[in-house]
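A.B. asks: Need coordinates for the below:
(2 chains)
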2 protein chains.
Amino acid sequence: MSLLGKVVIAQGGGPTHVINQSLVGTILESRKFSQVTKIYGALNGVEGIVNENFMDLSHETSSNLEQIAKTPAAALLSTREKPDNKYCAEVFKVLKAHDVRYFFYIGGNDSSNTLKIVKDNALKENYDFRVVHIPKTIDNDLVLNDHTPGYGSAARFVAQAFMGINLDNRSLGGVYIGIVMGRHTGFLAAAASAGKIYPDDGPHLIYLPEKIFDIDKFLINVKEVYDRYGRCVIALSEGIQDKNGIAIATKFAKSLEKDAHGNIHLEGNALGIFLADEIKKKLNIKRVRMDTFGYLQRSFLENASDVDQREAREVGEKAAQFALWDNLSGSVAIKRIGDYSVNYTLEKIRDISGKTKLMPDEFINKAGNNVTDKFYFYVRPLLGSNFPSVSRLRAPFVTKILKKQDLSR
Amino acid sequence: MSLLGKVVIAQGGGPTHVINQSLVGTILESRKFSQVTKIYGALNGVEGIVNENFMDLSHETSSNLEQIAKTPAAALLSTREKPDNKYCAEVFKVLKAHDVRYFFYIGGNDSSNTLKIVKDNALKENYDFRVVHIPKTIDNDLVLNDHTPGYGSAARFVAQAFMGINLDNRSLGGVYIGIVMGRHTGFLAAAASAGKIYPDDGPHLIYLPEKIFDIDKFLINVKEVYDRYGRCVIALSEGIQDKNGIAIATKFAKSLEKDAHGNIHLEGNALGIFLADEIKKKLNIKRVRMDTFGYLQRSFLENASDVDQREAREVGEKAAQFALWDNLSGSVAIKRIGDYSVNYTLEKIRDISGKTKLMPDEFINKAGNNVTDKFYFYVRPLLGSNFPSVSRLRAPFVTKILKKQDLSR
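C.D. replies: Reported below is the predicted structural model:
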């Protein structure tokens, strides 16, 4: 007999382009099951649960839900809270009081642990209860997943951004540094390479947290590229680390800002300014520019990958199906099949939470300053269809009449 | 009788999304005139002319030209050179040697002056010669133009960027500062407001070079918004000035970087870090983020305004028509007619060059920290069709059972 009761769904951690696809997938699929008495949304993740801030999502039109599915960032709002055992006991107390039997939490590895503790509380009280973790993270760092919802769209943004920046940099020359998100893993920065067309296209150099960052080697690399092309485009992960495994960007923080998970805020801007100044000073290059892409990477409208949208919707639907058809708890995971399709499995939450997937060595070149073709084949399908292209003039040069000396560069 | 000879076309200054639309418009229209013996493109603007680096654009396929029209940044590459009289004499010497009778230059007000001096050289030598300036600038600061090609697409990028950032900021709270391009004028930063839907949507504050920036007032404004909404999104023009008319961002430059036009490089990153630190320190707000949008504003693929694309194409076509049908020199200008259409006129170059159009007072609110509805009606048609929308959940709240105290924010 199926378990009668309410569904609660919540969103945690940094938002993505497609996190609301998962939300809407879960809601619409849950609505089909007669054992579901109501579907509640908790505002601000676990904060909304302990404060009983629930919206009754049974009262949403399908049309508005479809609009919300296309809207970036967390429609239920998010949280950076890391609930301890006491907090999780409160969470469970509220869920039980509202006769909640199914708890779906959309989040990364930092927050999946919450589900495990809440589930343990239910077991202790012999309360029949299902929890399903729905994956999302632009960092793409969940183990047992080929990739995670949110990554494809962020990767598409970064790839397209560097295509445009490469063209701009080609027009006027100089050095450009784009700082890309990614605390421990370089998957997102690596995607900067995915839009390259011509052999001299940037980014010419890519630096990832997986390889030790050495400022002297960096300057040698930049000089080499600049001497060859008269310009250099660099994609730099904000999480690059020194030889002691310390994120270099944390060294520029005036005040140490830690979130509840112990993550120190990365001062990507200050890191970029420092590296730009080093290039100006030590390589004597005048025109050096840097930008941080920041929130744009996970929220820029109308630029989601359609593959990512579809998969984010499906992991939400699958979560509802695993809990409501199969009466199971766990973490939904994406497995790649062929080139290119996916299947969804349900993994044990303890096998996912607290673990970090890094870029494998075969995705990074020997020098540690670029990616390999293997990475390109990995990332390309995730960017979605209709990926843009650009072109160059290919007209022949005109014979010179005055045969003048080169007065400029 | 029409003037027989070659056409030279070049691109100068900072590139835009649609500068190649103007290039292609000029090329394709010029091809139709029998008095045009060849169409040359000069590489890197005037630099390519003095060095005789010409491509013979007669040898381009229409299909590739259409691809290039959709490609951001200068297909002929650009320059920051500011030619003096001697340099312009060289430019003229080369053009005359190649029997060039029509010179089209796509650029902003910094570079339009070049055309005037080159034309003066031709007059002195009694050389029959037409020059047409084709407007482009994301800053939107050319006088006698309702707006300039390039602005609409950059404005669309900035408006869409702030729509996503507003959603992200709403998910997790805190203060966000986005640094927008614009040396003397705030048109682009002002466009950050164009995607607002709900009354509490950001950007909540917009700072423009047209109004004196006062750090104390700024902090009071941020505190007011933060106290009301628990968050604050700020659009800040990199060109904001102190009461002496000095761009504040120049004060953070470690080394003074001036271009040939005397423009000092604006250290938008350092400005943003400074303001973020002030907010953290003086308002005791922990979560403060800032990004510089940089080149993304003028080069992000697949996001051009279709209105901007069309108009950029048309100013190129009109330039060819004014020179080749009407035998005229001048600067093509865009006039707004009705709501919304445009017409093109040919203005005297001396009435355009060296002048800067600022945001009129009626576009800025009294407090100098936001824009008016009048600005919204001005900018809206320039963003193009299919401008995206977003949605929020509107489900009712659930009655609390445990009536607990608020344990968090």
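
A.B. asks: which residue ranges form the strands in the stretch 201-350 of chain A?
C.D. replies: Taking DSSP state E, counting those that start in this stretch as the criterion, the stretch 201-350 of chain A carries its strands at A:205-207, A:231-237, A:288-292, A:330-337, A:341-347.

A.B. asks: winner for burial among these?
C.D. replies: Most buried of these by mean neighbour count (mean count of other Cβ atoms under 10 Å in any protein chain shown) is strand A:231-237; its value is a mean of 28. Glycine gets a C-beta too; all of them are placed from N, C-alpha and C.

A.B. asks: Might you list the low-confidence residue ranges for the stretch 151-300 of chain A?
C.D. replies: Low-confidence segments of the stretch 151-300 of chain A, defined by pLDDT under 70: A:254-263.

A.B. asks: residues from it in reach of chain B?
C.D. replies: Applying Cβ under 8 Å from any Cβ of the partner chain, we find that the stretch 151-300 of chain A lies next to chain B at A:160-161, A:163-165, A:167-172, A:176, A:254-255, A:257, A:269-270, A:272-273, A:277, A:280, A:286-287, A:289-296, A:298-300.

A.B. asks: now the residues you listed: which count as buried?
C.D. replies: Among these, the ones that count as buried by 16 or more other Cβ atoms under 10 Å in any protein chain shown are A:160-161, A:163-165, A:167-172, A:176, A:257, A:269-270, A:272-273, A:280, A:287, A:289-296, A:298-300.

A.B. asks: secondary structure class for A:I9?
C.D. replies: At A:I9 the chain is in strand, as set by DSSP: H, G, I helix; E, B strand; the rest coil.

A.B. asks: Count the neighbours of it for me.
C.D. replies: 26 (other Cβ atoms under 10 Å in any protein chain shown).

A.B. asks: doesn't A:K38 make contact with it?
C.D. replies: No. Using Cβ atoms under 8 Å as the test, A:I9 is too far from A:K38 to be in contact (11.4 Å).

A.B. asks: Can you show me the helices along chain A?
C.D. replies: A:19-30, A:46-50, A:62-69, A:85-97, A:109-124, A:151-172, A:187-190, A:215-229, A:268-283, A:296-299, A:306-324, A:373-379 (DSSP state H).

A.B. asks: just checking, what packs against the longest one?
C.D. replies: The criterion is 3 or more Cβ pairs under 8 Å, 6 or more residues apart in numbering or on different chains; DSSP states H and E, and the helices and strands that helix A:151-172 contacts are strand A:174-180, helix A:187-190, strand A:231-237, helix A:296-299, helix A:306-324, helix B:296-299.

A.B. asks: can I get these in CSV with distance to A:K335?
C.D. replies: CSV is the format used below for the helices and strands packed on helix A:151-172 (distance: least, Cβ to Cβ, whole Å):
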stretch, distance to A:K335
strand A:174-180, 26
helix A:187-190, 17
strand A:231-237, 26
helix A:296-299, 24
helix A:306-324, 11
helix B:296-299, 34
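
A.B. asks: Next up, the contacts around the residue most central in space within chain A.
C.D. replies: Chain A has A:I138 as the residue nearest its centroid, 0.5 Å off, counting by Cα atoms, centre = their mean. Neighbouring residues of A:I138 by Cβ atoms under 8 Å, 6 or more residues apart in numbering or on different chains: A:14, A:16, A:150-151, A:153-154, A:181, A:188, A:297-298.

A.B. asks: Would you mind giving those residues as a markdown table with distance to B:G330 added?
C.D. replies: Compiled in a markdown table, the contacts of A:I138 are given as follows (distance: Cβ to Cβ, whole Å):
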| residue | distance to B:G330 |
| --- | --- |
| A:G14 | 52 |
| A:T16 | 50 |
| A:G150 | 52 |
| A:Y151 | 52 |
| A:S153 | 46 |
| A:A154 | 47 |
| A:M181 | 48 |
| A:L188 | 48 |
| A:Q297 | 44 |
| A:R298 | 47 |
